[in-house]
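Next come a sequence and a model predicted from it.
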Amino acid sequence: MRAWEWARPVRPVRREVLSATPELEEGRPPLLFVPGYGHGAWVYAEHWLGHAAARGFPAYAVSLRGHGGSGPAPDATLRAYAHDVVQVAAGLPRQAVLVGHGAGALVVAHALARYPARAAVLVAPVLGGWATFGAAMRRNPFGTLPAVFGGGLRLHRRQLFSRELPEADARRYTGRLGRAARRAQWRLLTGAEPEPPVGRPPVLVLGSPDDLVVPPSALTGAARRYDSAPLLFPGMGHDLMLDARWQEPIDAILDWLDKGPARDDRP
Amino acid sequence: MPTPTEHHGRSEPETTPLARSRDGRPVSDRGDTVCVIGAGASGLTAVKNLAEHGFGVDCYERETGIGGAWNWRHDRSPVYASTHLISSRPFTQFPDFPMPDDWPDYPHHSQLLSYFERYADHFDLRRHIWFGTEVVRVEPVDDDRWDVTTRSTGGYGPERTSRYAAVVIANGHNWSPKLPRYEGLEQFRGEVMHASSYKDPAQLRGKRVLVVGAGNTGCDIAVEAAQQAARCWHSTRRGYWYAPKYVFGRPADQVNDTLLALRVPLRVRQWLYHRTLRLTVGDLTRFGLPRPDHRVYETHPIANSQLVYYVGHGAITPVPDVTRLHSHSVELTDGRQIDPEVVVFATGYLPRFDFLDAKILGDDEGVGRPRLWLNAFVPEHPTLAVTGLVQPDSGVFTLSHWQAVLFARLLRLRTTRPDRVTAFAARVRAGAGERYSGQVKDSTRHWFEVGHADYLRVLERALRDLEGK
Ligand SMILES: Cc1cc2nc3c(=O)[nH]c(=O)nc-3n(C[C@H](O)[C@H](O)[C@H](O)COP(=O)(O)OP(=O)(O)OC[C@H]3O[C@@H](n4cnc5c(N)ncnc54)[C@H](O)[C@@H]3O)c2cc1C
């Protein structure tokens, strides 16, 4: 029934969308990249957008409200974030592939129930729940605990990047991180499961076994939810799109799309 | 002989071996493909959802573009230059393809058309649509399949018949004008038109205008006449509730749905609504408007903030029903005579299904009043559905969308879960003719009226039952 979406539609906000489009339109589906909490569209603009465009995929990245260059939204909820993604996706000329990283994968999971994506990719997904929280607490108690009381979730360099990434780059990137709205952050702990995706898109899950934010068990769990197994990239940090070997995962995603994964046709 | 389920591109319908119709005509067999009649909003969402469920789809559209009623270049389009939505954006958009959230609460008809164009392009729907092609006959054949006969619009060229696994009728119900019969109508010297041919306020400028009918269209035209015409009389048969488009600074339908979401009972909602109207619009009988003979929510709501304003300015004169017309004047039930130069009948439309034996839809008297379940599903014909045949207290497109989803799921389960399909068929038979709108006035205008909340709840239940949840 979705009565609340009629009664209380999400307020519009200025949304930053960065893009890179191929010189020749080859009829490939557009990709919409969704950054995780604290991250903005810029994380994809560093490497992935250009690389996808060079391989013929029109590529877009949105900053969720309150992040990057989008309008401020201290009271944003997970619903508002998912709304932002669906709005941008529906504004693209053709049916899009949604790619979510970190908690952006949770946003994508919710957006999939409102928009029939052509396919979806969850990169190092933080889908929430107490297990993720436990892992975060063990690895980074001082960065995680304040988040429970409404403070910002702070991730340190070693959680996000491998040692291969030059120190200066790592420092520059972490310096640009922001924070998600409190209410959206709490949903990571207590949120309800997203509704099943509409249109039964194929879903790919990938991540790194050495990710210090998302434990391998969470990767397997996420993949199992969509009846697949995760693609793994050992030796990388949580922020796969910024890490030294950023090209491997994006190539894997584009290869997977090039193969034309089938819709999930089970009744 | 069936063609593959997944059929891409617009292959010629006559590529497969020929079958024969009952009367011996050649028929091209389209296998598992589903036929959709009409590429208005309801047809488009049917095409999209059927394709999404893996079906091949052939959609026939008599016009050369999509958008149906909202494409005002179409000769049967009922929209006029100033038409804006009366249902606010969240109520009107397809649930899985929102309108841009920086659009106004009540978009203009040209925005709506651009929205449908984007929907069609986004989901690559045009490759399924045969434009300029009219469906002239739909006949059931064995195994719940259908022979659909088409020809190019305008009637030239040969007819061709194709056999389909299922048919979705999405031909709209706002194109066949319902004209009242008044004594003396032929003698009347002034201009008489139905609202369907009203396009632009220039048609009224400087004239004395009588607008008949208090639907949303009638009220819109009366408001335009108030601003453009030399005089405007507005004839209504009974009293209505004129709801403003905004209350408490928000679109009125959104405020109402807040109460619905909180499950406030109907009686309380009616009381609140009456209070709000009393505080904002006030007592309309003061202006000479008849007192409503029903409570709010009992007829299709009229959302118009400006009518009362112009009545208050004396720019619209409310008058009762017309009794007869003379050569230069119109007589009213209260004995008054008025002398309009233009009479606009905003008296509504009748649903029409000329291409189908009326009995198939359970419309035994042939008056355009099918007997269906959920206004969509046909007893005894599990592979036939009608979409968009609803007059909701909100937007039509959300309802068409879910009707199409339900039908697509049903067709999908025909091979895999016949037990659920049989249970569904029983539900259709038992529920045919069911209403979803509390107590509503039973005029022809209101028989397919649905309350969106009640309606969607039943539909949601049906979807769950199909999925075995
Ligand atoms: C003035 C006015 C204002 C309205 N305002 C709103 C509003 O605010 N919100 C709302 O939700 N609704 C509104 N409506 C209702 C409107 O009818 C629907 O919104 C909508 O257009 C219904 O879509 P549809 O696809 O069911 O029918 P249509 O839009 O009528 O489309 C039917 C299509 O089928 C085609 N067709 C018909 N017969 C055949 C045939 N035999 N062969 C091939 N093709 C055929 C037609 O050419 C047409 O393209 C309004 C209607 C009017 C008249």
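Done, it's in.

For the stretch 101-250 of chain A, which segments count as strands?
Using DSSP state E, counting those that start in this stretch, the strands of the stretch 101-250 of chain A run over A:119-123, A:203-207, A:231-232.

whoops, I mixed them up, the stretch 201-350 of chain B
Assigned by DSSP E, counting those that start in this stretch, the strands in the stretch 201-350 of chain B fall at B:208-212, B:231-235, B:242-243, B:246-247, B:250-251, B:302-303, B:317-319, B:322-325, B:330-332, B:337-338, B:342-345.

Out of these, which one sits most buried?
strand B:208-212 (a mean of 27; mean count of other CB atoms under 10 Å in any protein chain shown). Every residue, glycine included, has its C-beta placed from N, CA and C.

That one: how far from the chain's middle?
In terms of CA atoms, centre = their mean, to the nearest Å, the centre of strand B:208-212 is set 25 Å apart from its chain centre.

Would you mind listing what in chain B touches chain A?
With CB under 8 Å from any CB of the partner chain as the criterion, chain B meets chain A at residues B:52, B:54, B:89-91, B:95-98, B:100-102, B:118, B:121-124, B:253-255, B:257-258, B:260-261, B:394, B:412-413, B:416-417, B:453, B:456-457, B:460.

Now look at stretch B:289-304 and say if it contacts the ligand.
No. Using CB under 6 Å from any ligand atom, stretch B:289-304 never reaches the ligand; the gap is at least 8.3 Å.

could you dump that stretch to CSV, C-alpha only?
The C-alpha coordinates for stretch B:289-304 follow below in CSV (Å, rounded to 0.1, in the frame of the first residue of the first chain):
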residue,chain,number,x,y,z
LEU,B,289,-24.9,26.6,-4.8
PRO,B,290,-27.1,23.7,-3.9
ARG,B,291,-26.3,21.9,-0.6
PRO,B,292,-24.6,18.6,-1.2
ASP,B,293,-27.0,15.7,-0.7
HIS,B,294,-24.3,13.3,0.3
ARG,B,295,-21.3,13.2,2.6
VAL,B,296,-17.7,13.6,1.3
TYR,B,297,-16.0,10.5,0.1
GLU,B,298,-19.3,9.3,-1.3
THR,B,299,-18.8,10.6,-4.8
HIS,B,300,-15.7,11.3,-6.9
PRO,B,301,-14.0,14.3,-5.2
ILE,B,302,-13.8,17.6,-7.1
ALA,B,303,-10.5,19.2,-6.5
ASN,B,304,-10.7,22.8,-7.5
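
Now for the closest residue to the ligand within chain A: which residues touch it?
Per CB to the nearest ligand atom, residue A:6 is where chain A lies closest to the ligand, at 13.0 Å. Residues in contact with residue A:6, defined by CB atoms under 8 Å, 6 or more residues apart in numbering or on different chains, are B:90-91, B:253-254, B:257, B:261, B:394.

want to throw these into TSV with neighbour count?
Below are the contacts of residue A:6 laid out as TSV (neighbours: other CB atoms under 10 Å in any protein chain shown):
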residue	neighbour count
B:90	26
B:91	25
B:253	29
B:254	20
B:257	25
B:261	17
B:394	25
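
could those be laid out in a markdown table, adding distance to the ligand and pLDDT?
Formatted as a markdown table, those follow (distance: CB to the nearest ligand atom, whole Å; pLDDT from 0 to 100):
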| residue | distance to the ligand | pLDDT |
| --- | --- | --- |
| B:90 | 12 | 93 |
| B:91 | 8 | 93 |
| B:253 | 10 | 89 |
| B:254 | 14 | 91 |
| B:257 | 15 | 88 |
| B:261 | 20 | 83 |
| B:394 | 7 | 87 |
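
How much space separates residue A:198 from residue B:121?
According to CB to CB, to the nearest Å, residue A:198 and residue B:121 sit 19 Å apart.

again but with residue B:143, I slipped
Between residue B:143 and residue B:121 the computed distance is 36 Å (CB to CB).

My read is that residue B:328 contacts residue B:208, right?
No. Assessed by CB atoms under 8 Å, residue B:328 is found out of contact with residue B:208, at 10.9 Å.

which residues are common contacts for these two?
Joint contacts of residue B:328 and residue B:208 (CB under 8 Å, 6+ apart) are residue B:339.

hang on, the earlier thing: so which of the strands of the stretch 101-250 of chain A is the most packed in?
Most buried of these, by mean neighbour count (mean count of other CB under 10 Å): strand A:119-123, with a mean of 27.

Parallel or antiparallel, which strands does that one pair with?
When pairing is defined by DSSP bridges, strand A:119-123 lines up against strand A:97-101 (parallel), strand A:203-207 (parallel).
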